[in-house]
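In: next come a sequence and a model predicted from it.
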Amino acid sequence: MQSVVAWLQERLPITGNQLRELTNEPVPNHLKRWWFCLGGTPAYLFVVQIVTGILLAFYYEPSPTTAWESVRYITDEASYGWYFRSLHKWAATLMIATVILHQMRVYFTGAYRKPRELNWLVGMCLLGCALMTGFTGYSLVYEQLSYWGATVGANITDSVPVVGGFLKSLLLGGDAYNERTLSRFFILHAAVLPAAMCLLLAVHVTILRIQGVTEFRFGDEPKDKPDHFNFFPDHLLTELIAGLVLMILLSALATLLPAHVGPRADPLTTPEVIKPEWFFYVTFRWLKLFSRTIAILSMGFIVFTMFVWPFVDAWLRRKAKDSEASVWIGIAVALTIIGLTVWEAAVAH
Amino acid sequence: MSDTPNEPPPPERAAPAAVDRRGFLTSAAGLAMAGGLAAGYGTFAAMAGRFLYPPHPTARGWLFVSDAASLKVGDSVVYRTPAGAPVVVARMAATGGVNDFLALSSTCPHLGCQVHWEAQNNRFFCPCHNGVFDPTGKATAGPPAEAGQSLPRYPLKVDRGLLYIEVPLEKVGASPGCAARRAREC
């Protein structure tokens, strides 16, 4: 054993202590509170998505004539296929949910403010990639709802001023959904978007490490207690426990509420009741409330405002000292999103 | 006291020229390298973009629908495109031209879902975002009405008394069973 270690150290001249010193950044005490672990949770779920996604890709065949049948095979016939597909589905759901919660936590604690504006922009890009990955993944099943969801999504792209038609053709591989569309969705879902997310995550964490975590002090913390604790092994163990709890939760959800296969896509008949994934309910309801141009331009404006919010907030705070406008705006937006989502979930049309 | 004509120039005056020349060459080489890289990778990116962009729009063609005279004013037939999409072809007048006819697409102009006919309400209805259209395809409620969108019409032509329609010839991958069912219906 010692000879193996010596052989390795000759080629990788770094000791365990040196490695620990490199990674052992002091972590602020507030990270012991569970809601501040929401940033690490989607990262863990992303790893679950990559592992289960690779397993599913062994059987999935991305073409209109084979996609639905291959998903049915995975679900009904492949050993533990139902389990891995359900894990993939539930981890996606939880990943989007925890990303949104993480973003809300960052927003309401003002952690996006100077000098952290750039990391907010990177986080917004990650949110966009996560939503796009959810959209393309849902479309891959090629069941009725996912087919029509993809059609509506592609036509939303078409409505973007100036470049919409070009983007739609690029996304669909033609001017309408066709034989080559599914393979494009598959490549986006399984290669392009995950690679982009890996790069963005690396940038996100690097900026975090350079700037350090935003520090909070809570009134119930004793004054004589140290302000920080060690990343290794203390925080790593916390994340491992969170990961274990998540794995148990995912397994329970996959077993109790497994993913099913709906009716195969029929490009000639839109079902009487059509719904996208839950995280697009708000968009879907918005599109019912306004004409296409108004709905899409207003959504574009909202997304743009979310991107540049740190700068808007700074401007607001310059105009009105100690303004709490961002909190009230955040509460109003969150309630609107929740309201529209519940409304869309509660009614058929 | 003045310098003699044969005296060499002071070294501090010659040195800047040499540095300038070296600096210029370094900058030029850097620019050439950057330009080469940008041109090389730019060409690659442009070729990749062209590769990914679909080469041509979906092929369309003129297909026979019916003998024009056999359709009387007020009559309609359901025509199916090669992809199986239903198209309502109706005769609205009898002036003898192609404008007597209309061919309504079943694709909602809002976001591309398929509308269906509700006989009890005498209307076309889109289940995606609650678009409503009258029998001539005019939007009467929902987002399409707000935007003034109607059901698209397929181009028609009458040639030697025969009615033709221009439709997409490509078919989206329907299940073999579905395709067979559509074929039987046609």
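Out: Here it is on my side, so go on. It should be emphasised that the depicted structure is a prediction, and the values quoted were computed from it without experimental measurement.

In: quick check: phi and psi at B:N130.
Out: When read as degrees, to the nearest 10, the backbone of B:N130 gives phi 60, psi 40.

In: how about it: what's its closest non-neighbour residue?
Out: Closest residue to B:N130 apart from its sequence neighbours, by C-beta to C-beta, 6 or more residues apart in numbering or on different chains: B:G142 at 4.4 Å. (Each C-beta comes from the backbone N, C-alpha and C, glycine too.)

In: touching, the one you found and B:V132? I think so.
Out: Yes: taking C-beta atoms under 8 Å as the contact criterion, B:G142 and B:V132 are neighbours in contact, 5.4 Å apart.

In: what residues sit buried inside the helix or strand hosting A:S139?
Out: Element membership of A:S139 [criterion: DSSP states H and E] is helix A:117-140. Taking 16 or more other C-beta atoms under 10 Å in any protein chain shown as the neighbour-count basis, helix A:117-140 is seen to contain the buried residues A:119-140.

In: same deal with stretch A:150-161?
Out: Residues of stretch A:150-161 classed as buried by neighbour count (16+ other C-beta under 10 Å): A:A150, A:T151, A:V152, A:G153, A:A154, A:N155, A:I156, A:T157, A:D158, A:S159.

In: same check on stretch A:49-62?
Out: Counting neighbours by 16+ other C-beta under 10 Å, one finds that the buried residues in stretch A:49-62 are A:Q49, A:T52, A:G53, A:L55, A:L56, A:Y60, A:E61, A:P62.

In: contacts for stretch A:93-106 next, please.
Out: Outside of stretch A:93-106, the residues within contact range by C-beta atoms under 8 Å, 6 or more residues apart in numbering or on different chains are A:35-36, A:38-39, A:41-42, A:45-46, A:49, A:111-112, A:120, A:123, A:126-127, A:130-131, A:134, A:246, A:249-250, A:278-279, A:330, A:334.

In: from the middle of its chain, how far away would it be?
Out: Relative to the centre of its chain, stretch A:93-106 is centred 7 Å away, using C-alpha atoms, centre = their mean, to the nearest Å.

In: just the CA trace of that stretch, in PDB.
Out: Written as PDB, here are the backbone C-alpha positions of stretch A:93-106 (Å, rounded to 0.1, in the frame of the first residue of the first chain):
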ATOM      1  CA  THR A  93     -38.700  18.800 -10.700                       C
ATOM      2  CA  LEU A  94     -36.800  19.300  -7.500                       C
ATOM      3  CA  MET A  95     -33.800  20.900  -9.300                       C
ATOM      4  CA  ILE A  96     -36.000  23.600 -10.800                       C
ATOM      5  CA  ALA A  97     -37.800  24.100  -7.500                       C
ATOM      6  CA  THR A  98     -34.600  24.500  -5.500                       C
ATOM      7  CA  VAL A  99     -33.000  26.700  -8.100                       C
ATOM      8  CA  ILE A 100     -36.100  29.000  -7.800                       C
ATOM      9  CA  LEU A 101     -35.900  28.900  -4.000                       C
ATOM     10  CA  HIS A 102     -32.100  29.600  -4.100                       C
ATOM     11  CA  GLN A 103     -32.800  32.600  -6.300                       C
ATOM     12  CA  MET A 104     -35.500  33.800  -4.000                       C
ATOM     13  CA  ARG A 105     -33.200  33.500  -1.000                       C
ATOM     14  CA  VAL A 106     -30.400  35.400  -2.800                       C
END
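
In: how about it: buried residues?
Out: Judged by neighbour count (16+ other C-beta under 10 Å), stretch A:93-106 contains these buried residues: A:T93, A:L94, A:M95, A:I96, A:A97, A:T98, A:V99, A:I100, A:H102, A:Q103, A:V106.

In: torsion angles phi and psi at the residue of chain A found nearest chain B?
Out: Using C-beta to the nearest C-beta, A:P64 is the residue of chain A that sits closest to chain B, at 2.4 Å. Per-residue torsions, A:P64: phi -60, psi -30 (degrees, to the nearest 10).

In: roughly how far apart are the residue positioned nearest the centre of chain A and B:Y79?
Out: Using C-alpha atoms, centre = their mean, the residue of chain A that lies closest to the mean C-alpha position is A:A130, 3.5 Å off. When distance is defined by C-beta to C-beta, to the nearest Å, A:A130 is 44 Å away from B:Y79.

In: what is the neighbour count of A:R180?
Out: 15 (other C-beta atoms under 10 Å in any protein chain shown).

In: quick check: closest non-adjacent residue to A:L289.
Out: Nearest in space to A:L289, with sequence neighbours left out and distances taken as C-beta to C-beta, 6+ apart, is A:A295 at 7.1 Å.

In: the residue nearest to the centre of chain A contacts A:M197, doesn't it?
Out: Yes: shown here, A:A130 and A:M197 form a contact pair, counting by C-beta under 8 Å, at 7.2 Å.

In: re the thing from before, extract the CA atoms of the helix holding A:S139 and return them as CSV.
Out: Taking C-alpha atoms only, helix A:117-140 is exported to CSV below (Å, rounded to 0.1, in the frame of the first residue of the first chain):
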residue,chain,number,x,y,z
GLU,A,117,-23.9,41.6,-9.7
LEU,A,118,-21.9,39.4,-12.1
ASN,A,119,-22.7,36.2,-10.2
TRP,A,120,-26.4,37.1,-10.3
LEU,A,121,-26.1,37.3,-14.1
VAL,A,122,-24.3,33.9,-14.2
GLY,A,123,-27.1,32.5,-12.0
MET,A,124,-29.8,33.9,-14.3
CYS,A,125,-28.0,32.2,-17.2
LEU,A,126,-28.0,28.9,-15.2
LEU,A,127,-31.8,29.4,-14.5
GLY,A,128,-32.4,29.8,-18.2
CYS,A,129,-30.4,26.7,-19.1
ALA,A,130,-32.2,24.7,-16.4
LEU,A,131,-35.6,25.8,-17.8
MET,A,132,-34.5,25.0,-21.4
THR,A,133,-33.2,21.6,-20.3
GLY,A,134,-36.6,20.9,-18.7
PHE,A,135,-38.4,22.0,-21.8
THR,A,136,-36.3,19.9,-24.2
GLY,A,137,-36.4,16.9,-21.8
TYR,A,138,-40.2,17.0,-21.5
SER,A,139,-40.4,17.1,-25.3
LEU,A,140,-38.3,14.0,-25.8
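
In: so how far is the helix or strand following that helix off the chain centroid?
Out: Helices and strands here follow DSSP H and E; after helix A:117-140, the next one along the chain is helix A:144-158. A distance of 20 Å separates the centroid of the chain from that of helix A:144-158, by C-alpha atoms, centre = their mean.

In: neighbouring contacts of helix A:144-158?
Out: Applying C-beta under 8 Å, 6+ apart, the external contacts of helix A:144-158 come out as A:135, A:138-140, A:164-165, A:167-168, A:171-172, A:177, A:181, A:185, A:262-267, A:270-271, A:274-277, A:280, A:283-284, A:287, A:296, B:110-113, B:128.

In: how about stretch A:49-63?
Out: Taking contacts as C-beta under 8 Å, 6+ apart, the residues outside stretch A:49-63 that touch it are A:67, A:69-71, A:73-74, A:78, A:81, A:84-85, A:87-88, A:91-92, A:95, A:140, A:179, A:182-183, A:185-186, A:190, A:194, B:173.

In: quick check: which element contains B:P143?
Out: Of the helices and strands defined by DSSP H and E, B:P143 is found in helix B:142-146.

In: now for that helix, which elements pack on it?
Out: Using 3 or more C-beta pairs under 8 Å, 6 or more residues apart in numbering or on different chains; DSSP states H and E as the contact criterion, the secondary-structure elements in contact with helix B:142-146 are helix A:281-289, helix A:292-307, strand B:131-133.
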